[in-house]
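**Student:** Have a look at this prediction, sequence included:
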4 protein chains.
Amino acid sequence: MKETTVRRIKDLDLVSPILIEGLPGVGHVGKLVAEHLIEELKAEKIMEIYSPHLPPQVIVLDDGTVKQVRNELYAHRGEDRDLLILVGDYQSATNEGHYDLSGAFLDLCEEFGVERIYTLGGYGTGQFVDKPQVLGAANSLDLVEEMKGRGVVFQENEPGGGIVGVSGLLLGLGRLRDIDAVCLMGTTSGYLVDPKSAQEVLRILSTALDIEVDMQALEERAKEMERIVGKLREMEKAQTPFETSGEEDLRYIG
Amino acid sequence: MKETTVRRIKDLDLVSPILIEGLPGVGHVGKLVAEHLIEELKAEKIMEIYSPHLPPQVIVLDDGTVKQVRNELYAHRGEDRDLLILVGDYQSATNEGHYDLSGAFLDLCEEFGVERIYTLGGYGTGQFVDKPQVLGAANSLDLVEEMKGRGVVFQENEPGGGIVGVSGLLLGLGRLRDIDAVCLMGTTSGYLVDPKSAQEVLRILSTALDIEVDMQALEERAKEMERIVGKLREMEKAQTPFETSGEEDLRYIG
Amino acid sequence: MKETTVRRIKDLDLVSPILIEGLPGVGHVGKLVAEHLIEELKAEKIMEIYSPHLPPQVIVLDDGTVKQVRNELYAHRGEDRDLLILVGDYQSATNEGHYDLSGAFLDLCEEFGVERIYTLGGYGTGQFVDKPQVLGAANSLDLVEEMKGRGVVFQENEPGGGIVGVSGLLLGLGRLRDIDAVCLMGTTSGYLVDPKSAQEVLRILSTALDIEVDMQALEERAKEMERIVGKLREMEKAQTPFETSGEEDLRYIG
Amino acid sequence: MKETTVRRIKDLDLVSPILIEGLPGVGHVGKLVAEHLIEELKAEKIMEIYSPHLPPQVIVLDDGTVKQVRNELYAHRGEDRDLLILVGDYQSATNEGHYDLSGAFLDLCEEFGVERIYTLGGYGTGQFVDKPQVLGAANSLDLVEEMKGRGVVFQENEPGGGIVGVSGLLLGLGRLRDIDAVCLMGTTSGYLVDPKSAQEVLRILSTALDIEVDMQALEERAKEMERIVGKLREMEKAQTPFETSGEEDLRYIG
């Protein structure tokens, strides 16, 4: 396998579809939202995307079978418009791979006539976040204004380092193909998987999409994680100043 | 040389062949089994695979001549079915190279009509292993069941990090080409070449292949290695707590 | 996106154009000069260059919209001859990418009939520089002589490590296409963005181009930076010998 | 520039040519021998090889002009047979690049009908070497025997790590094209440029080629280096046991 390869599982004609991207990233915020949507909407897998830019690896499932690491595209039939949801095990392992895979995703967007892209992610603040906000960036000024109206926060110099990876490139390269795209980033410590931040992102996204999504599963996970975070903070306070903060060991527990 | 290149040494029509992959990896378990099989079965080299994804290196042999690093394919004529055995000096040095070489190996599988692949490796536990087990993962549920019946251990969450490299990709990418494949991993410390773990893998493999293989050479090597391990453990016990454990210096002695 | 891609914004026939390259580098000297020229000459953007060799990233602008990282080509109509000015967010992130992008830039030079290239950069000395000099290197002896006459300093063994990146390759690969090219490097500490060094480079460049450029904006920025440097030096003197020098924290403030 | 590119400077028909490779490497032994040969034989440059696998860099010469880093091929007309000498500023910066460039060199060998290749290098021993030996490896047994007769030392397990880079690949990939090739490695500390080791390699090479080469320039450089090494050793002896050995700071002085 030398090239990114799309395996088509089901052929569908979609009506005015919107793409939602939730590949792994900071706090797995985007991944949590996208996977929750797939489950709640009973979205159907229509494509698998394999690529030599992903790690050379299979995942071993609980039943002893393996799964080649990949990205996956799901479809959901809506009332007025359909949804495409992009999830996966990994993002590209190389710079060039990010460009290659984002290009492949935009090819699919053009094929399906995607009218708008939402890319979802976390924005790491380095501190535990009590009330997550949803920061935004978009590839058109109209979209910025629309999202401000929905409670998305646009701050000068945030994120200062730009947006790296697929969530950024779908906006930047999407503009070159005249596809509107917005990135929604839930603030999060960056140390742990963060379902609470994911809830905030989902709240705004479901309003924007005008769909109702049961959030219970995400809420339960958020409560459990809050208990864990509470304990970690107690442990932190109990530490003498000369001990290490312990935070380094907590990255991506969840 | 810009591309992976197959040099054909002998043309053969094979009957219902099975591929056994034993490239270098953890504890060199797969390599020991595959090379032992080649020797005992007097298998014949039919192809050499060269690739710019392998290290840019020649090996100097005892007679002063050199050998370009490569992978090699051997064939053995069986009674009912034939065997192909894949061995080599190295696996790919890059992520993309793993995909490229695995793709080349699967092309050869399709050319020969390979019906099943066994990939062999070690599973590093970080501790000296008295009774090696053989862990498994497969690319079909039927194959998982069959292998359980042969004593292969399938454990939830093992291996947790998935299977990296050719041993994993032949399963994952093999599924996409409808080729059944199973990975057999002998548990091993990961610090030393481990012929004892290789023996366990070979025991299960030879039953599955319904062939008889003299194990004496492997047994002798295992005994010798056990003596070395015994001495290392004594040395370890004799060390004061402030000395380093010595294990770091023992990796891949053998 | 698998290849470097040029997006043409405006078609222009240019008269005997000269290319000025000012991509990011040491002290951002070249970037400051090139961006100052674009502003003062009201040069017009005619092309955007996108590439998988640039970081996989968008920059978030103050209005909440994003910009795919890229290189840009501006044109200015002069009296006798026209100018092309090359600027951008980044240089290539890989060795091969430097060759690929430099090749793409030289293709554009051939298309426009560029007669000479000036590449601009900083030369890091590791110490604060009171009176910046402009060091030079060129791809023809005639050009070396001409530049000596304009006050450019050519020193044996400087720069000792050669010139790395686009500023070097446009000279080296430009020679192979028979395009004259000279690199002007303002000496600078390498720790901070250096508008004072940029002023010296611009002084020589504007004489060579026989154009008048208002330097006020650059002068103001230089004065402000001088105040910052003055304070840093005071802090440095006030430090006890065992404190760190503070310089490490100052890289690319500006 | 996306591909390795050969720039032909002079067309020559050569008689039974032999290729001598002396690109930079351990102790610069091969480079010293090859450049000495070019000077003494007044060999003529016939080709320049440029590649995106070399560092993206120009070298600044003493007159202020630049030179794109490259490899170069020189030719010398002999009485019975001609010589080709391959030198350069760098070897490839990547694994794949070593394969690509070695392939390009072998293409040229086939074009010229090269009958034998000598690759030259140093073999780092980690200690100052009083009497350098010349170790060998070859891609045919006949060649091993011939070289033994000329005083080249063939030792089991030496070099243990194989031969990495162009000097190895020309032997390994050369065999696949039926071109005889031998690697001559002068033993050297590995810390300094080593003209004394180069002298030993040249002594054997000139006998094998049946040519006479004035060694004075190399001898003078060797004597000077011996004085430097002598001083370094005195300094080393004078050091108290707790000081660093100084050797680390001496790498590639010369």
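**Tutor:** Okay, I see it.
**Student:** next one: stretch A:16-23 to chain centre, how far?
**Tutor:** On the basis of C-alpha atoms, centre = their mean, to the nearest Å, stretch A:16-23 sits 10 Å off its chain's mean C-alpha point.
**Student:** which strands and helices sit next to whichever strand or helix holds A:Arg203?
**Tutor:** If you go by DSSP states H and E, A:Arg203 is part of helix A:195-209. Contacts defined by 3 or more C-beta pairs under 8 Å, 6 or more residues apart in numbering or on different chains; DSSP states H and E place helix A:195-209 against helix A:29-40, strand A:116-124, strand A:134-138, strand A:180-188, helix A:216-238. (C-beta placed from N, C-alpha, C; glycine too.)
**Student:** The ones you listed: which one's closest to chain C?
**Tutor:** Closest approach to chain C among these (C-beta to the nearest C-beta): strand A:134-138, 4.7 Å.
**Student:** Check which helices and strands that closest one is in contact with.
**Tutor:** Secondary-structure packing of strand A:134-138 (3+ C-beta pairs under 8 Å, 6+ apart): helix A:141-149, strand A:180-188, helix A:195-209.
**Student:** Please identify the most buried of those.
**Tutor:** strand A:180-188 (a mean of 27; mean count of other C-beta atoms under 10 Å in any protein chain shown).
**Student:** Parallel or antiparallel, list what pairs with it.
**Tutor:** Using DSSP bridges, the strands paired with strand A:180-188 are strand A:116-124 (parallel), strand A:134-138 (antiparallel).
**Student:** With just CA atoms, put the last one into CSV.
**Tutor:** Pointing back at strand A:134-138 there. Only the C-alpha atoms of strand A:134-138 are listed here, as CSV (Å, rounded to 0.1, in the frame of the first residue of the first chain):
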residue,chain,number,x,y,z
VAL,A,134,-16.1,26.7,23.0
LEU,A,135,-13.5,28.7,21.0
GLY,A,136,-14.0,29.0,17.3
ALA,A,137,-12.2,29.8,14.0
ALA,A,138,-13.8,29.7,10.6
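**Student:** ok, back up a step: could you pull up the mean pLDDT of the helix holding A:Arg203?
**Tutor:** The pLDDT scores in helix A:195-209 average 96.
**Student:** Check stretch A:107-120 too.
**Tutor:** 98.
**Student:** thinking again about what came up before, output the helices and strands packed on helix A:195-209 as TSV; include the columns distance to C:Phe154.
**Tutor:** Below are the helices and strands packed on helix A:195-209 laid out as TSV (distance: least, C-beta to C-beta, whole Å):
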stretch	distance to C:Phe154
helix A:29-40	54
strand A:116-124	48
strand A:134-138	47
strand A:180-188	49
helix A:216-238	60
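**Student:** Tell me which of those lies nearest to A:Ser167.
**Tutor:** strand A:116-124 (3.9 Å; C-beta to C-beta).
**Student:** Which secondary structure element of chain A has the lowest mean pLDDT?
**Tutor:** Lowest by mean pLDDT, DSSP states H and E among the helices and strands of chain A is helix A:216-238, with a mean of 86.
**Student:** Next, the buried residues of stretch A:207-223.
**Tutor:** Within stretch A:207-223, the residues that count as buried by 16 or more other C-beta atoms under 10 Å in any protein chain shown are A:Ala208, A:Leu209, A:Ile211, A:Val213, A:Met215, A:Leu218, A:Arg221, A:Ala222.
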